[in-house]
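> Okay, sequence plus prediction incoming.
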Amino acid sequence: MKDIVIIGAGVTGGFIAKELSKFDLDVLVVEKKLAPGLEQTKSCSGIIHPFQLPFKLLRSKLCLEGNRMMDAEAEELGFEFKRVGLITVATNLLTFLAIPFIILYLRKHGVFAKPIRKKKLLEMEPNLIEKAYGGVFIPSAGVVNPVEMTAKACLFAKLNGVEFLYGCEVVGIERKGEHFVVKTNKGEFETKVVINCAGIYADEIAKMVGYEMKIIPGKGTHVVFAEKGFNRHLVVAIPLKPNKRTKGGGALIGFDGKPLWGPNLIDVESKEDTSVKKEEIEGIIAKFAPLFKTTPKEIIAVYAGLRSIAGSDFVINEPVKGFINVAGIQSPGLTAAPAIAKMVLQMVSKHFDLRRKEKIARLPKKEKSEEEICRSLESDEIVCFCNMVTKREILEIAKEFKCLDGVRQITWAGMDCEKCKAEIVKLIGDKVLKDREGGEIAWF
Ligand SMILES: Cc1cc2nc3c(=O)[nH]c(=O)nc-3n(C[C@H](O)[C@H](O)[C@H](O)COP(=O)(O)OP(=O)(O)OC[C@H]3O[C@@H](n4cnc5c(N)ncnc54)[C@H](O)[C@@H]3O)c2cc1C
């Protein structure tokens, strides 16, 4: 009998597992994909948001808390996190006049924001249009690789005793007295508590215990450009009228410094529809290009993800004793994940007499100094030259996750060019195929 079964190893399931691993509990995570973070989490923008409007929502509170926790999380888990800052630009007189009010409003809610004059603005972002009036700088905004962040949380949890089953899909849940039986394609697991972190499918999991909710997929498309450094911060225009359903995207940057524009928001019917249409790409470019003197030229990738929208807020509740929903985790769920995990720990503490482990193991530090890169170069250890990823890094992750998509997303190897991708397939292809247990391989 397990104490807790977590369904889903996206960023929320991963961070909950990580937090629970610090206590004397028998925890199992079941994930239908072959590696963590490969659904909504992988296709998000990777922004650690400084705030979420309106401030009264649970997702807004958890966003603020998660943002504040992020440096400590990155330090504890060893993932890359950069506070690059957000610039909101006044592109007309009306929004320029609103700047002092925006600053007051944000500061009142605990978000540090600073006005910036036009001259400074253009120093900070030389590519911005000359007719920008000024702006607001919010330094707490940051960027991460969302799959790396999730994988590190899962690896930390595993190191501290949490069991993970990948390629394991939940197909039913039955009540058995006070407990639950979680039915999967890899067998049945009896457990005292179930935590539903199934992302876009969380409504279907909730239905298995008789709780009705509806998740509507909200598609968001991104455009990635090759021109690193084109914009150095996250850049958005101050909207004349904020949209209640979306922050509206921006001229963002990825954790690797490449311009990442988007996302938009399109309601779609299917939970599998991550198609990217030509009009969406054109729409995103048309929306953000007017902020700059020129437009980045080389599109190297486009991708879309589906937000799990269940109304305007997160749905974190316990509708049936011992069944905890962490559902409707739309944006800013990546930012909020560490705070969600803390909240869920509180809920779990009502079921168990929680005892903190005396010793908590730490993941080995991933230091990649310039010296190490040079050594790797000399010994032919670099496999992906675009992102300077070594053979050792790739093989270490490939040992944990038998899935090419996972290895690439976590290490960022082979994300930019076909040549590096081919090198990785050459390096791990045989291993992936040999080690798999009948699961589906995410070749593409
Ligand atoms: C376009 C877009 C942009 C975004 N940008 C940002 C951003 O910049 N910053 C931010 O803070 N947030 C952002 N978000 C939101 C963020 O991505 C999500 O809030 C977060 O990833 C949700 O994580 P999750 O773990 O709840 O869901 P998921 O990542 O979807 O994880 C759920 C997991 O459950 C598994 N699963 C599902 N069904 C089953 C089953 N039956 N059995 C076993 N496993 C199952 C899935 O395979 C999946 O791995 C964005 C979202 C989108 C779509």
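That came in fine, so what should we check first?
> Any buried residues in the helix ranked longest in the chain, and which?
Counting residues, the longest helix found in the chain (DSSP state H) is helix 58-77. Neighbour-count burial for helix 58-77, with 16 or more other CB atoms under 10 Å as criterion, is recorded at 58-67, 69-70, 73-74, 76-77. For glycine as for every other residue, the C-beta is placed from the backbone atoms N, C-alpha and C.
> cool, stretch 248-267 as well?
249-266.
> ok, now stretch 104-115?
106, 111, 113, 115.
> As TSV, these with distance to the ligand and secondary structure would be great.
Listed next are the buried residues of stretch 104-115 as TSV, based on distance: CB to the nearest ligand atom, whole Å; DSSP: H, G, I helix; E, B strand; the rest coil:
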residue	distance to the ligand	secondary structure
Leu106	18	helix
Val111	15	coil
Ala113	19	coil
Pro115	25	strand
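> Just flag the most distant two among the residues you listed.
Across the buried residues of stretch 104-115, the longest distance by CB to CB is 13.8 Å; it joins Val111 and Pro115.
> circling back: from the buried residues of stretch 104-115, which is closest to Lys176?
Of the buried residues of stretch 104-115, the one sitting nearest to Lys176 (CB to CB) turns out to be Val111, at 47.0 Å.
> quick one, phi/psi of the residue lying closest to the closest one once chain neighbours are set aside?
With CB to CB, 6 or more residues apart in numbering as the measure, Phe51 is the residue that lies nearest to Val111, at 4.8 Å, once sequence neighbours are left out. When read as degrees, to the nearest 10, the backbone of Phe51 gives phi -170, psi 170.
> Phe51 contacts Lys61, correct?
No - Phe51 is beyond contact range of Lys61, at 10.3 Å (criterion: CB atoms under 8 Å).
> how many neighbours does Cys197 have?
28 (other CB atoms under 10 Å).
> before we move on, what about Lys42?
Neighbours of Lys42 using other CB under 10 Å come to 23.
> Make residue 1 into 610 and carry on from there
Renumbered: residue one is now 610, and that last one reads Lys651.
> residues touching it, list them.
755-756, 914, 1018 (CB atoms under 8 Å, 6 or more residues apart in numbering).
> out of these, which one sits closest to the ligand?
Gly914 (3.4 Å; CB to the nearest ligand atom).
> Who is the closest one paired with across the strands?
Gly829 (DSSP bridges).
> Not counting residues beside it along the chain, what's closest to the residue of the stretch 660-809 of the chain found nearest the ligand?
In the stretch 660-809 of the chain, the residue that lies nearest the ligand is Gly808 (2.4 Å; CB to the nearest ligand atom). Among residues not flanking Gly808 along the chain, Gln649 sits closest, at 4.8 Å (CB to CB, 6+ apart).
> I'd assumed Ala936 was in contact with that neighbour.
No - taking CB under 8 Å as the definition, Gln649 is not a contact partner of Ala936, at 11.8 Å.
> rewinding a little: keep only those of the contacts of Lys651 that are in strands.
Using DSSP state E, the members of these that fall within strands are Gly914.
> Could you restrict the contacts of Lys651 to the ones contacting the ligand?
Residues of these in contact with the ligand (CB under 6 Å from any ligand atom): Gly914.
> Now, of the contacts of Lys651, which are buried?
Judged by 16+ other CB under 10 Å, buried ones among the contacts of Lys651: 755-756, 914, 1018.
> now, among those residues, which is nearest to Ile814?
For those, the nearest to Ile814 is Gly914 (19.4 Å; CB to CB).
> Show the contacting residues for the closest one.
649, 651-653, 828-829, 872, 883.
> Out of the residues you listed, give me the two with the largest separation.
Maximum pairwise distance among the contacts of Gly914 (CB to CB): 14.4 Å, between Lys651 and Lys828.
> where do the strands sit along the stretch 810-959 of the chain?
Taking DSSP state E, counting those that start in this stretch to define them, one finds strands in the stretch 810-959 of the chain at 825-834, 843-846, 859-862, 868-871, 875-876, 908-918, 924-929, 932-936.
> Adding distance to Glu783 and mean pLDDT, write those strands out as CSV.
Output for the strands of the stretch 810-959 of the chain, formatted as CSV (distance: least, CB to CB, whole Å; pLDDT from 0 to 100):
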stretch, distance to Glu783, mean pLDDT
strand 825-834, 28, 96
strand 843-846, 46, 96
strand 859-862, 44, 96
strand 868-871, 42, 96
strand 875-876, 33, 90
strand 908-918, 25, 95
strand 924-929, 12, 98
strand 932-936, 12, 98
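> Can you lay out these as TSV showing distance to Leu703?
Output for those, formatted as TSV (distance: least, CB to CB, whole Å):
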stretch	distance to Leu703
strand 825-834	28
strand 843-846	12
strand 859-862	19
strand 868-871	24
strand 875-876	28
strand 908-918	30
strand 924-929	37
strand 932-936	39
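> Cheers, nothing more for now.
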